[in-house]
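>>> Quick one, what's the 3D model for this:
(2 chains)
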Amino acid sequence: MFPSVIELAGAVRAGSTTAAGALEQHLARVDAREGEIHAFNLVTADAARRDAAAIDAAVARGEDPGPLAGVPVALKDNLCTRGVPTTCSSRILEGWKPPYDATVVERLRRAGAVVVGKTNLDEFAMGSSTENSAFGPTRNPLDTSRVPGGSSGGSAAAVAAGFAAASLGSDTGGSIRQPAALCGLVGVKPTYGLVSRLGLVAFASSLDQIGPFTHTVADAALVLEVIAGHDPLDSTSLPSPVPPVRRAVDEGVAGMRIGRVSDLPEGSEPDVLARLDEAFAALERAGATIVDVAMPSMQYGLTAYYLVAPAEASSNLARYDGVRYGLRVEAGDLNATYAATRAAGFGAEVKRRIMLGTYALSAGYYDAYYGKALKVRRLIADDFAAAYASCDAILTPTSPSVAFPFGDKTSDPLAMYLCDVFTIPTNLAGHAAMSVPFRTGAHGLPVGVQVLAPALGEVAMFRVAGELERAA
Amino acid sequence: MAGADGGRSRRIGPDTVAKVARLARLDLAPDEAARMAEQLSGMLEHFADVDRLDLDGVEPLAQPLPLVNVMRDDVPAPCLDRDEVLAAAPAAEDGRFRVPPVVGFTE
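Residues are numbered from 1 along each chain as shown, chains lettered A, B, ... in the order given. Alright, predicted model coming up:
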């Protein structure tokens, strides 16, 4: 229904449409529905109009502005944008203007993309519904009584509502894939290290990755190729060539081996499991072979993740102390100022995770919690290694349920955490994964199928994703 | 759950919450601390599911990359602009961050 990234960029480069015109169409939709959706923390319309005019001027001069020429994009508000407020949807960073651009932002701009705004998220990306934002929740454009998922709910909603043709999110335990599933979009969590994290505000550094939201698999492949690749300023950036994912989309799955997890954790809605079965059947019809794989440690991923991620977060978020940026609440000496600033600046979920992580790392408990979690993490990575000996990619649900109503899970943190049961293992292993919309489930809402692939297995992943899109 | 941790309670009391909050440099209101004790205890009880795994001899996995000791080429390059960085600070003076007293102050 909305023009794709590839269509827009193609038309702008060919001169058959203008970047300014494409931008105004998206901004008109923002004007019409943003009050209801609240996808954005900030809409940068003036800067976007200047950028779009510059793209059109370049085309008029006969220059090629790049593969994303004139494509309106939205950025999760934990991606640093020089001179433009970056809040992480937290009071503690309200009003902060970063002194540099994230590497992914530079790469998008260099490819001709036009940034339309910064999108809402669960505070510091901690959540699965975008209800934890200090600035209020984002609504699902497909049913505004329901959540868009999270934590990248604003980025998902912005694309689903046609406010931007593509957006970037970050995925620490499913924060791109789950909102993509709940909003009927394609969402990609690339291999750990494939996309530079420079300028992504850190949550859990060994798990965080940036990736795109789009309406189509081919669009996701294009955006991924633009943002991926080695960055000397990120020491966890892989010095490897970017997998050629764009040409994988139409390759088909003939001869591929697709893993079905025989001991999948329980608790999914029946419609979600039915769609998964149909997805396997579609791949088989297209020439793939389905093989059963065992993932006995998958069910323990939740425990490992909710110890490892808060532990890393408690360390990463120590930097919000009222000294170098953001909020300061003066209270006597330096330590009292730290504690008062953090008490006033962080929301309930962030405090909960800082406390959990600090506890798990503290003397006397380190071995029992953090140390044990790292061992479980190894078991999960070993499960994947064994599974990928017999298959090229694995299919699971992305989320156990379709989009749920507001307030459904806010009173019980563990119920919210269970949203991530299928997405978390990939982050722990550092592998690639994506969600592809595959028909609908309860209430006619979209269901996402998750495609998992080994580290740097993005070509296999996009072959499967392309086939699922054609079959959906 | 029987196992290595069989006898130890996973309940967290107010003293532990206060100690962890101090370590985390986080002031908690009394009602916040009570809720935190309840919620953290519930989570830790759920996390006891891994006690049924035999983890002896399993090598911990702290991060997924095969890379170690990564350094970039030793080439001079511009760094962040000092004034721009300090402009984002709550308080700055003479080209430095200004902070409350660190020593010599007692409550």
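
>>> who's in contact with the closest residue to residue A:445 other than its chain neighbours?
Distances taken as Cβ to Cβ, 6 or more residues apart in numbering or on different chains place residue A:402 nearest to residue A:445, at 3.8 Å, with adjacent residues excluded. Placement of C-beta: from N, CA and C, glycine included. Counting by Cβ atoms under 8 Å, 6 or more residues apart in numbering or on different chains, residue A:402 touches A:182, A:269, A:271, A:272, A:440, A:441, A:442, A:443, A:445, A:446, A:447.

>>> Now with 6 Å, please.
For residue A:402, the contact set (Cβ atoms under 6 Å, 6 or more residues apart in numbering or on different chains) comprises A:441, A:442, A:445.

>>> For those, which PyMOL command selects only the ones that are buried?
Selecting only the buried entries of the contacts of residue A:402 in PyMOL, with 16 or more other Cβ atoms under 10 Å in any protein chain shown as the criterion:
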select buried, chain A and resi 441+445
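
>>> Now, the contacts of residue A:402 that are in helices?
Within the contacts of residue A:402, no residue falls in helices by DSSP state H.

>>> Neighbours of residue 82, how many?
Here I'm looking at chain A. 15 (other Cβ atoms under 10 Å in any protein chain shown).

>>> The intended chain is chain B.
12.

>>> tell me the pLDDT at it?
At residue B:82, the model reports a pLDDT of 95.

>>> Could you check which helix or strand contains the residue of the stretch 1-150 of chain A found nearest chain B?
Across the stretch 1-150 of chain A, no residue is closer to chain B than residue A:99, which sits at 4.4 Å (Cβ to the nearest Cβ). Using DSSP states H and E, residue A:99 sits in no helix or strand.

>>> next one: residue B:19
Counting by DSSP H and E, residue B:19 is part of helix B:14-23.

>>> what sits up against that helix?
Counting by Cβ under 6 Å, 6+ apart, A:355, A:358, A:359, B:28, B:33, B:36, B:37 sit against helix B:14-23.

>>> try stretch A:296-308
A:173, A:265, A:360, A:369-370, A:373, A:376-377, A:379-380, A:383, A:417, A:421, A:424-425, A:428, B:47, B:49-50.

>>> tell me the contacts of the closest residue to residue A:119 other than its chain neighbours?
Excluding its sequence neighbours, the residue lying closest to residue A:119 (Cβ to Cβ, 6+ apart) is residue A:154, at 3.1 Å. If a contact means Cβ under 6 Å, 6+ apart, then residue A:154 has A:39, A:119, A:120, A:121, A:138 as its contacts.

>>> what's the answer for residue B:102, then?
Counting by Cβ under 6 Å, 6+ apart, residue B:102 has contacts residue A:334.

>>> Tell me the secondary structure at residue A:396.
Classification of residue A:396 by DSSP: H, G, I helix; E, B strand; the rest coil places it in strand.

>>> if I look at the residue nearest the centre of chain B, how far off is chain A?
With distances taken as Cα atoms, centre = their mean, chain B has residue B:24 as the residue nearest its mean C-alpha position (6.3 Å). To chain A, residue B:24 is 4 Å away according to Cβ to the nearest Cβ, to the nearest Å.

>>> Quick one: name the residues of chain A near chain B.
Within chain A, the positions near chain B by Cβ under 6 Å from any Cβ of the partner chain are A:96, A:99, A:192-193, A:206, A:232, A:235-236, A:300, A:303, A:322-325, A:328, A:333-334, A:337-340, A:342-343, A:354-356, A:358-359, A:374-378, A:381, A:413-414, A:430.

>>> Of those, just the buried ones, ChimeraX syntax please.
Buried members of those, defined by 16+ other Cβ under 10 Å, are picked up in ChimeraX with:
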select /A:96,99,192,193,206,232,236,300,303,322,323,324,325,328,333,334,337,338,339,340,342,343,354,355,356,358,359,374,375,376,377,378,381,413,430
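
>>> Mind checking which of the residues of chain A next to chain B land in helices?
Using DSSP H, these in helices are A:303, A:334, A:337-340, A:342-343, A:354-356, A:358-359, A:374-378, A:381, A:413-414.

>>> Does residue B:83 belong to a helix, a strand or coil?
helix.

>>> Check residue A:438 too.
strand.

>>> And the residue nearest to residue A:345 when sequence neighbours are not counted, how far from residue A:361?
Spatial nearest neighbour of residue A:345, chain neighbours left out: residue A:92 (2.9 Å); criterion: Cβ to Cβ, 6+ apart. Applying Cβ to Cβ, to the nearest Å, the value for residue A:92 to residue A:361 is 21 Å.

>>> Quick check on the two: which one has the bigger neighbour count.
Shown here are residue A:92 and residue A:361; by other Cβ under 10 Å, residue A:92 has more neighbours (26 against 20).

>>> looking at it, residue A:178 is touching residue A:400, isn't it?
No: between residue A:178 and residue A:400 there is no contact under Cβ atoms under 6 Å: 9.7 Å.

>>> who has more neighbours, these two?
Legend: neighbour count by other Cβ under 10 Å for residue A:178 and residue A:400, higher for residue A:178 (33 against 18).

>>> Ramachandran coordinates for that one?
The phi/psi pair for residue A:178 (degrees, to the nearest 10) reads phi -70, psi -50.

>>> show me what contacts it?
Contacts of residue A:178 (Cβ under 6 Å, 6+ apart): A:128, A:149, A:399, A:423.

>>> Can you tell me how far residue A:286 is from residue A:472?
12 Å.

>>> Also residue A:209?
Counting by Cβ to Cβ, the separation of residue A:209 from residue A:472 is 25 Å.

>>> All the strands of chain A, residue numbers only.
A:40-43, A:72-76, A:114-119, A:166-171, A:186-189, A:209-214, A:257-261, A:289-293, A:393-397, A:432-440, A:446-453 (DSSP state E).

>>> of all those strands, which gets the most neighbours per residue?
strand A:186-189 (a mean of 32; mean count of other Cβ atoms under 10 Å in any protein chain shown).

>>> average pLDDT across it?
Per-residue scores along strand A:186-189 average to 99.

>>> do stretch A:444-463 as well
Mean predicted lDDT for stretch A:444-463 stands at 98.

>>> measure it end to end?
27 Å (Cα to Cα, to the nearest Å).

>>> Then stretch A:140-155?
Note: stretch A:140-155 ends 11 Å apart using Cα to Cα.

>>> mind checking how far it is from the chain centre?
13 Å (Cα atoms, centre = their mean, to the nearest Å).

>>> can you pull the buried residues of that stretch?
Counting neighbours by 16+ other Cβ under 10 Å, stretch A:140-155 gives A:140-143, A:146-155 as buried.

>>> Ok, stretch B:45-62 next?
Under 16+ other Cβ under 10 Å, the buried positions of stretch B:45-62 are B:46, B:47, B:50, B:51, B:53, B:55, B:58, B:61.

>>> Same question for stretch B:30-49.
Those would be B:32, B:33, B:36, B:37, B:39, B:40, B:41, B:42, B:43, B:44, B:46, B:47, for stretch B:30-49 by 16+ other Cβ under 10 Å.

>>> show me what contacts residue A:119?
A:39, A:40, A:74, A:76, A:77, A:154, A:155, A:158.

>>> any chance of the residues you listed in JSON lines, with pLDDT too?
Converted to JSON lines, the contacts of residue A:119 look like this (pLDDT from 0 to 100):
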{"residue": "A:39", "pLDDT": "98"}
{"residue": "A:40", "pLDDT": "98"}
{"residue": "A:74", "pLDDT": "99"}
{"residue": "A:76", "pLDDT": "98"}
{"residue": "A:77", "pLDDT": "98"}
{"residue": "A:154", "pLDDT": "98"}
{"residue": "A:155", "pLDDT": "98"}
{"residue": "A:158", "pLDDT": "98"}
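
>>> Sweet, I'm off.
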